[in-house]
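**Q** here is a sequence with its predicted model. Questions after.
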Amino acid sequence: MSKLIALTFDDGPNTDTTLDVLEKLKKYDVVATFFLIADAINDRSAESVKKAIAMGCEIENHSKTHSYMDQLDEQTIKDEIKYTSEKIFEITGRMPEFFRPPYINVNETMVQAIDLPFICGHGGRDWEPDCPTDERASLILNAVSDGSIILLHDMSGNDKTVAALDIIIPELQKQGYEFVTVSQIFIRKGITPTVHSGIVYSDVTQTIRFDDPNYEG
Ligand SMILES: [Zn+2]
């Protein structure tokens, strides 16, 4: 069985960095999963989403407003998720199956209010403008293993992450990894992701809750 990895990107869509990421995916013939902010979707950025879908990528839910959702009440949380999933459905014809909490900020109200598995991932500090390209790549390459999810950002202007893909993807391909979407990594590993469990998956085999002292994100 081949080693599997899921590349994911948060905070799109846009018409610069999202498209640059898609070019890198095409260059290496790999797929990724994009967690969208509904308020970032407009007629132009939706074209980037359609392009991603045509390449076999997957589109998932990263909330409407990208707020600290532990500050929101249950109904507002539900409204954020529903609005975003419906907005994505309008473009893709598919309802999102996964949720990534903004800032990986989670509380019990969110766990109970949101009917989707929560996804985190191994990050490369790529939301910090000063974190250099090679460090973004090495942080990820040192953290991942078979069944891991990689957390990056295609926010506008994040060129160092686009450049880091030229290190990350070929190195993992050389190590024998196959790149798959988030839904596929669970299916191929024979694991059903749980909902309302408090698990925030960075690896498909994860079993501890977000509030467990041993949880490392
Ligand atoms: Zn985000």
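**A** Cool, the structure landed.

**Q** going by C-alpha atoms from here, please, whenever you check contacts or count neighbours.
**A** Noted.

**Q** wouldn't residue 207 be in contact with residue 198 here?
**A** No: between residue 207 and residue 198 there is no contact under Cα atoms under 8 Å: 9.3 Å.

**Q** okay, the two: which has more neighbours?
**A** More crowded of residue 207 and residue 198, by other Cα atoms under 10 Å: residue 198, with 21 against 15.

**Q** report how many residues lie close to the residue nearest to the more buried one when sequence neighbours are not counted.
**A** Leaving aside its sequence neighbours, residue 198 sits nearest to residue 209 (Cα to Cα, 6 or more residues apart in numbering; 4.8 Å). Neighbour count of residue 209, defined by other Cα under 10 Å: 15.

**Q** ok, residue 209 - contacts?
**A** When contacts are counted by Cα atoms under 8 Å, 6 or more residues apart in numbering, residue 209 touches 197-200, 215.

**Q** closest one of the residues you listed to residue 19?
**A** Nearest to residue 19 among the contacts of residue 209 is residue 200, at 28.0 Å by Cα to Cα.

**Q** so is that closest one in a helix, a strand, or just coil?
**A** Under DSSP: H, G, I helix; E, B strand; the rest coil, residue 200 falls in the strand class.

**Q** quick one: pLDDT of it?
**A** We note a pLDDT of 96 for residue 200 in this prediction.

**Q** likewise residue 168?
**A** Looking at residue 168, its pLDDT reads 98.

**Q** separation between residue 176 and the ion?
**A** 29 Å (Cα to the ion, to the nearest Å).

**Q** how about that residue, phi and psi?
**A** The phi/psi pair for residue 176 (degrees, to the nearest 10) reads phi 90, psi 10.

**Q** what residues does this protein have near the ion?
**A** Listed as neighbours of the ion in the chain under the rule Cα under 5 Å from the ion: 11, 102.

**Q** any regions of the chain where pLDDT drops low?
**A** Counting by pLDDT under 70, the ranges of the chain that qualify are 217.

**Q** quick one, helices of this protein?
**A** For the chain, applying DSSP state H gives helices covering 17-28, 43-54, 74-92, 108-113, 133-143, 159-174, 182-189.

**Q** tilt between the longest one and helix 43-54?
**A** Going back to what we said before, that points to helix 74-92. Computed by axes from the mean of the first three to the mean of the last three Cα atoms, to 10 degrees, the angle separating helix 74-92 from helix 43-54 equals 70 degrees.

**Q** before we move on, the earlier item: can you name the two of the contacts of residue 209 that sit furthest apart?
**A** 197 and 215 (13.8 Å).

**Q** in space, what's closest to residue 108 - neighbours in sequence excluded?
**A** Distances taken as Cα to Cα, 6+ apart put residue 198 closest to residue 108, at 7.4 Å, once the chain neighbours are dropped.
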